[in-house]
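Participant: this one's structure only:
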């Protein structure tokens, strides 16, 4: 090939072996004739070399960009939570890794460390997902106070999450006290039936993987037993409640021709939640239980007691009190149920929470009243049991208008008080009746929080059920209960209203 032809094939900066403006290449001393003779030997070699020279000459020749590197690790969720010592925080702690442009980085190893507090995480490290996120559970250490969890990337980048472990003997979230129960505020509950109506609350403070406060309750729109199925809500502060992510309410459904009611939730010694509830069908009251390690995953129902209707109403289970490993109090209303002129309170015991003894009638009588539903708690700081129960005037029906408190050293012999601590009309939503309620004291038993249920009746709506909460001092609560019995004359009773539930006489 003639020299001029070769020259035309070369990049302009190499024609006549003219050097590029950039640094001289190693072959700059070669003559153009040498290059030409070499190129003639092979067209393929000539073309490849031309392209090589062209690429070498270009100022803007493409280069492989450097791989992005982690630039930032940050806490984006689960920071500043609180839990009891050695409990798992309610929410995952979430970290995110991004590069210098703020883009999430996948498959980056995040190393976890717990430098303060002695807590733990399930795994020492975790790789980020496609969104740059790595999350972990965090179990609090034994010491009270602020604890920290660090996320390390490449040994240089660090993000720190904090949490507070609260000494349960000193700290309790319900601190604002009211001197009157008429300060009770209604709960806003997203019930599965969308009514927001609910009755028969029961509250427990969970631990371990089920940390936080748990509310067991049944929707009851207009008194419709079709929806009266046990449902669960969770809270960090026992004030704002929501179904925990991952759970579908209701957590239990009735068998054919049955309806459910009366949930009661406890924490076992292994930190598992146990939820008892009642099934009514075929002239039988059947107590069932389901269990969960975390409040999200529940096993199948186990039948633990079966008696004729309505001999077992409102089971109230206590675990770990000194008088028996497991105890259950309930109301026996006999065959007449809601229309029984008088009722009795009974106690059963068990060694495992599943096989229960025959009932024994306890000495708990409220003069002039019939007890309809009950809740019982062991109060360690006072070494005694408390019972909270709603009543109706003896000889009438279960449109209950009073809520009473009683105390006992052994769970069998009870000291009652002359006056109800709350009655129908205590708040507007409870105008016509006050119903099954529950309570929890702070660890020192100086304050008590109540969750009360009740209803107002309308011709078009039937009973509209609500649940409200209020916290008061134990001293004020006992003073209310100790007030003269003459105050009973001021308690309204609406005898003309229909029964608020189906437990009336033999089943039809």
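Facilitator: Noted; the coordinates are in hand. Please read these numbers as outputs of a predicted model, since none were measured by experiment. Numbering: from 1, shown residues only.
Participant: could you find the closest non-adjacent residue to residue 381?
Facilitator: Among residues not flanking residue 381 along the chain, residue 445 sits closest, at 3.8 Å (CB to CB, 6 or more residues apart in numbering). Heads up, the C-betas are built off the backbone N, CA and C, glycines and all.
Participant: unless I'm mixing things up, that neighbour is touching residue 477, no?
Facilitator: No. Using CB atoms under 8 Å, residue 445 is not in contact with residue 477, being 10.7 Å away.
Participant: in contact with the residue nearest to residue 381, which residues?
Facilitator: By CB atoms under 8 Å, 6 or more residues apart in numbering, the residues touching residue 445 are 379, 380, 381, 382, 474.
Participant: pull the number of nearby residues for the closest residue to residue 101 other than its chain neighbours.
Facilitator: Spatial nearest neighbour of residue 101, excluding adjacent residues (CB to CB, 6+ apart): residue 68 at 7.5 Å. Using other CB atoms under 10 Å, residue 68 has 12 neighbouring residues.
Participant: poorly predicted segments of the stretch 1-150 of the chain, please.
Facilitator: Within the stretch 1-150 of the chain, the stretches with pLDDT under 70 are 1-64.
Participant: hmm, try it at 50
Facilitator: Of all residues in the stretch 1-150 of the chain, those with pLDDT under 50 make up the ranges 1-3, 5-7, 9-36, 38-40, 42, 45, 47-48, 51-57.
Participant: just the strands in it please.
Facilitator: Remark: strands assigned in the stretch 1-150 of the chain by DSSP state E, counting those that start in this stretch are 72-77, 81-83, 93-98, 109-116, 125-127, 133-136, 145-153.
Participant: please identify the most buried of those.
Facilitator: When you average the neighbours per residue for each of the strands of the stretch 1-150 of the chain (mean count of other CB atoms under 10 Å), strand 93-98 leads with a mean of 23.
Participant: contacts for that one?
Facilitator: Under the criterion CB under 8 Å, 6+ apart, residues 70-79, 104-105, 108, 110, 128, 131-138, 149, 151, 153, 157, 159, 161 lie in contact with strand 93-98.
Participant: hmm, try it at 6 Å
Facilitator: 70, 72-78, 104-105, 108, 110, 128, 132-136, 138, 149, 151, 153, 159, 161 (CB atoms under 6 Å, 6 or more residues apart in numbering).
Participant: domain map for this protein?
Facilitator: Residue ranges for the domains of the chain, per automatic domain parsing: 3-57, 72-165, 181-490.
Participant: of those, which is nearest residue 501?
Facilitator: Residue 501 lies closest, by CB to CB, to one member of the domains of the chain: domain 181-490, at 6.2 Å.
Participant: what's around residue 236, how many residues?
Facilitator: Counted by other CB under 10 Å, the residues lying close to residue 236 total 17.
Participant: got it, and residue 346?
Facilitator: Quick note: residue 346 (other CB under 10 Å) scores 20 neighbours.
Participant: that one touches residue 358, doesn't it?
Facilitator: No. Judged on CB atoms under 6 Å, residue 346 makes no contact with residue 358 at a distance of 9.3 Å.
Participant: packing partners of whichever strand or helix holds residue 455?
Facilitator: Using DSSP states H and E, residue 455 sits in strand 447-458. Packing contacts for strand 447-458, counted by 3 or more CB pairs under 6 Å, 6 or more residues apart in numbering; DSSP states H and E, involve strand 198-206, strand 433-434, strand 438-441, strand 462-473.
Participant: contacts made by it with the rest, please.
Facilitator: Strand 447-458 is contacted from outside by 174, 177, 199, 201, 203, 430-441, 463-465, 467-471, 473-474, 477, 497, using CB under 6 Å, 6+ apart.
Participant: filter those to the buried ones?
Facilitator: In the contacts of strand 447-458, burial by neighbour count holds for 174, 199, 201, 203, 430-441, 463-465, 467-471, 474, 477, counting by 16 or more other CB atoms under 10 Å.
Participant: JSON lines for the domains of the chain, including distance to residue 501?
Facilitator: Shown next, in JSON lines, are those (distance: least, CB to CB, whole Å):
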{"stretch": "domain 3-57", "distance to residue 501": "87"}
{"stretch": "domain 72-165", "distance to residue 501": "34"}
{"stretch": "domain 181-490", "distance to residue 501": "6"}
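Participant: please identify the most buried of the ones you listed.
Facilitator: It is domain 181-490: most buried of the domains of the chain by mean count of other CB under 10 Å, with a mean of 19.
Participant: and residue 252, what pLDDT?
Facilitator: You'll see residue 252 listed with a pLDDT of 97.
Participant: next, the contact list for it, please.
Facilitator: Residue 252 neighbours (CB under 6 Å, 6+ apart): residue 230.
Participant: likewise residue 227?
Facilitator: By CB under 6 Å, 6+ apart, the residues touching residue 227 are 193, 219, 221.
Participant: before we move on, what about residue 90?
Facilitator: Counted by CB under 6 Å, 6+ apart, residue 90 has contacts 211, 212, 236.
Participant: state the distance from residue 377 to residue 236.
Facilitator: Per CB to CB, to the nearest Å, residue 377 is found 21 Å from residue 236.
Participant: equivalent analysis for residue 292, please.
Facilitator: The gap separating residue 292 from residue 236 is 19 Å, by CB to CB.
Participant: can you check residue 461 too?
Facilitator: Applying CB to CB, the value for residue 461 to residue 236 is 33 Å.
Participant: and if you look at residue 476?
Facilitator: Taken as CB to CB, the span from residue 476 to residue 236 is 26 Å.
Participant: and residue 476, backbone torsions?
Facilitator: Backbone geometry at residue 476, expressed as degrees, to the nearest 10, gives phi -70, psi -40.
Participant: next one: the residue lying closest to it once chain neighbours are set aside from residue 187, what distance?
Facilitator: Take residue 476 and drop its neighbours on the chain: the residue closest to it by CB to CB, 6+ apart is residue 179, 5.7 Å away. Separation of residue 179 from residue 187 (CB to CB) stands at 21 Å.
Participant: rounded mean pLDDT for the host helix or strand of residue 386, please.
Facilitator: Taking DSSP H and E as the definition, one finds residue 386 inside strand 384-393. Mean per-residue pLDDT for strand 384-393: 97.
Participant: what residues does that strand touch?
Facilitator: 366, 369-379, 398, 400, 402-409, 411, 434-437, 439, 493.
Participant: centre of the chain versus that strand, how much separation?
Facilitator: Counting by CA atoms, centre = their mean, to the nearest Å, strand 384-393 is centred 28 Å from the centre of its parent chain.
Participant: so in that sheet, which strands flank that strand, and in what orientation?
Facilitator: According to DSSP bridges, strand 384-393 has the following sheet partners: strand 369-379 (antiparallel), strand 402-408 (antiparallel).
Participant: which outside residues touch the longest one?
Facilitator: Read it as strand 369-379. Strand 369-379 has contacts (CB under 6 Å, 6+ apart) with 314, 316, 318, 321, 329, 331, 342-343, 345, 385-392, 394, 398, 400, 436, 438, 441, 445.
Participant: now do the helices in the stretch 1-150 of the chain.
Facilitator: For the stretch 1-150 of the chain, helices defined by DSSP state H, counting those that start in this stretch occupy the ranges 3-9, 32-40, 43-57.
Participant: nearest residue to residue 119 other than its sequence neighbours?
Facilitator: Leaving aside its chain neighbours, residue 119 sits nearest to residue 141 (4.1 Å; criterion: CB to CB, 6+ apart).
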